[in-house]
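Novice: how does the following fold in three dimensions:
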Amino acid sequence: MSSNSPKNTHAAYFKSVLGNNRVLDDAAACALYAMDRTTKYVPRAGLVLFPTTTEQVSLILKYCHANGLKTVPSGG
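Specialist: This next block holds a predicted model:
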């Protein structure tokens, strides 16, 4: 994947907001979080984010909305 790909651009933004250790962009690592407990769907997560504040969540959602990115909230 080129360094100018949309995924890399989005990952760079999220890393600037959250820090490098709170953004997963490796396909194998993301696959661990892309699960549907009903087994009806096979989700594909391009990025997995771990915000720690409501401000970070707000920035993430505003960015996703502005860039037409879909989000799936998940908690454990």
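Novice: tell me which helix or strand of the protein sits lowest on mean pLDDT?
Specialist: helix 27-31 (a mean of 89; mean pLDDT, DSSP states H and E).
Novice: now that helix, how far from the centre of its chain.
Specialist: 11 Å (C-alpha atoms, centre = their mean, to the nearest Å).
Novice: and what of stretch 28-37?
Specialist: So, by C-alpha atoms, centre = their mean, the centroid of stretch 28-37 is 12 Å from its chain's centroid.
Novice: cool, stretch 54-65 as well?
Specialist: 11 Å.
Novice: quick check: next helix or strand after the least confident helix or strand of the chain?
Specialist: strand 48-49 (DSSP states H and E).
Novice: first-to-last residue distance for stretch 37-48?
Specialist: 17 Å (C-alpha to C-alpha, to the nearest Å).
Novice: mind listing what's buried along that stretch?
Specialist: For stretch 37-48, burial by neighbour count (16 or more other C-beta atoms under 10 Å) applies to Ala45, Leu47, Val48. Heads up, the C-betas are built off the backbone N, CA and C, glycines and all.
Novice: what number of residues lie near the closest residue to the last one other than its chain neighbours?
Specialist: Right, the one you point to is Val48. In this structure, Val48 finds its nearest non-sequential neighbour in Leu24, 4.0 Å apart by C-beta to C-beta, 6 or more residues apart in numbering. For Leu24, the count of nearby residues is 20 (other C-beta atoms under 10 Å).
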